[in-house]
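Undergrad: Starting from these lines, generate the structure:
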Amino acid sequence: MLVTCQYCRRPAELTTGDLEFPDIPNLTGKKLWVCRDCDARVGCRGNTDVPLGELGDGKLRTARQKGHEAFDPLWREMSRRSGMPEGEARNVAYFWLAEQLGITREECHFGGMSYERILKATVLCRELQAQLDTEQRTRDLL
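TA: Predicted coordinates for the structure are as follows:
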């Protein structure tokens, strides 16, 4: 498979998280594509060589990170409250987010979203979290 960087049009290199980020244990063995010229990168679907989306430069990677910072607490809280396994809760949350964004579940992954879509997803997640926090405070008062 050939993955081309959308920034410089040079071929990207397939590598693994433990080689690129040795201090992040949960990336060990996970595949990713990296453009050495641009420092753009993207993870792969499951244990395949298929990129989750386009390689991301610093701006896009920061947006992806902030998106996950808004999204991940939602599914973790869903799992905690419902007793649902984390993987199932995460999938349910991705279905919710996909519906909100008007895309399919398969398209709904931060690694595959455009910068603009990630910003919208982040806002949606923050709004839902604020609503849930307000509901919890109301229950605590009663």
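
Undergrad: in this structure, which spans are strands?
TA: 13-16, 31-35, 40-43 (DSSP state E).

Undergrad: what sits up against the first one?
TA: Residues external to strand 13-16 that are found in contact with it (C-beta atoms under 8 Å, 6 or more residues apart in numbering): 1, 3, 27-36, 44, 49. All C-beta spots, glycine's among them, are computed from the backbone N, C-alpha and C.

Undergrad: same thing but 6 Å
TA: 29, 31, 33-34, 49 (C-beta atoms under 6 Å, 6 or more residues apart in numbering).

Undergrad: Could you do the last one as well?
TA: Contacts with strand 40-43, where a contact means C-beta under 6 Å, 6+ apart, come from 5, 7, 32-34, 51-53, 55-57, 111.

Undergrad: what do you get if the cut-off is 8 Å, keeping everything else the same?
TA: 5-7, 12, 17, 20, 30-35, 51-57, 60-61, 111.

Undergrad: next one: it to chain centre, how far?
TA: 12 Å (C-alpha atoms, centre = their mean, to the nearest Å).

Undergrad: Please work out how many residues are found near the residue nearest to Phe21 when sequence neighbours are not counted.
TA: Using C-beta to C-beta, 6 or more residues apart in numbering and skipping the chain neighbours, the partner closest in space to Phe21 is Leu27 (5.1 Å). Neighbour count for Leu27, taken as other C-beta atoms under 10 Å: 17.
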